[in-house]
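> no sequence for this one, just the structure:
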Ligand SMILES: [Zn+2]
């Protein structure tokens with residue numbers, strides 16, 4: 001997630017839904033993206049947890065191709081119960097044995113004031129979230145916490161290879177987060 005003010009204005013142009021255009025593009029792209037006969041299990045046995053930020057293309061970022069990895073994304077790339085759910089299914093049913101947790105620079109979840117956001121939602125939408133917002137003050141610390149969560153989870157294989165990184169959206173480089181063991 002990026003800060004809305006990272007790259008100029010938003011909401012200043014009239015919104016038009018994209019679905020029709022995207023379906024049309026699908027008709028053009030189908031031959032190039034179809035994968036008849038490809039196995040569902042990722043061939044590299046790797047799962048990537050990262051942010052939904054629109055600037056990030058996880059496959060391109062690591063030179064991965066379709067079929068090689070599972071990619072789980074949410075706001076922040078945080079290890080939530082639902083990410084644990086997906087990772088457990090990924091490991092138990094589809095054979096992954098390695099996890100990369102990747103946060104990134106300029107993430108909108110970094111420094112987000114949860115109390116203010118929750119109060120704002122209550123005011124504008126009439127309900128406060130029952131779910132954790134999962135913002136963080138420091139992306140590297142959150143990566144370390146995510147790795148600790150994975151290590152402690154009974155649903156993640158104990159011998160899983162786990163590494164953590166910060167992706168720099170300005171340089172395109174992954175920088176590893178050191179984890180003391
Ligand atoms: Zn983000």
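Looks like it came in fine. Computed from a predicted structure; not experimentally measured.
> buried sites along the helix or strand that residue 85 is a member of?
Using DSSP states H and E, residue 85 maps to helix 81-94. For helix 81-94, the buried set under the neighbour-count rule, 16 or more other C-beta atoms under 10 Å, comprises 83, 84, 86, 87, 90, 91. Bear in mind the C-beta positions are built from the backbone N, C-alpha and C, glycine included.
> And for stretch 57-70?
By neighbour count on 16+ other C-beta under 10 Å, the buried set for stretch 57-70 is 58, 61, 62, 64, 69, 70.
> try stretch 20-39
Buried, per 16+ other C-beta under 10 Å, within stretch 20-39: nothing.
> who's in contact with that stretch?
66, 67 (C-beta atoms under 8 Å, 6 or more residues apart in numbering).
> Recalculate using a threshold of 10 Å.
Outside stretch 20-39, the residues that touch it by C-beta atoms under 10 Å, 6 or more residues apart in numbering are 18, 66, 67, 94, 95.
> State the three-state secondary structure for the second one.
Right, the one you point to is residue 66. coil (DSSP: H, G, I helix; E, B strand; the rest coil).
> show me where this protein has strands.
Per DSSP state E, the chain has strands spanning 46-51, 69-74, 98-104, 161-167, 174-176. These are given in chain order.
> Any chance of those in TSV with mean pLDDT as columns?
Shown next, in TSV, are those (pLDDT from 0 to 100):
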stretch	mean pLDDT
strand 46-51	98
strand 69-74	98
strand 98-104	98
strand 161-167	98
strand 174-176	98
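> out of the buried residues of helix 81-94, which one sits closest to the ion?
Nearest to the ion among those: residue 83, at 14.1 Å, using C-beta to the ion.
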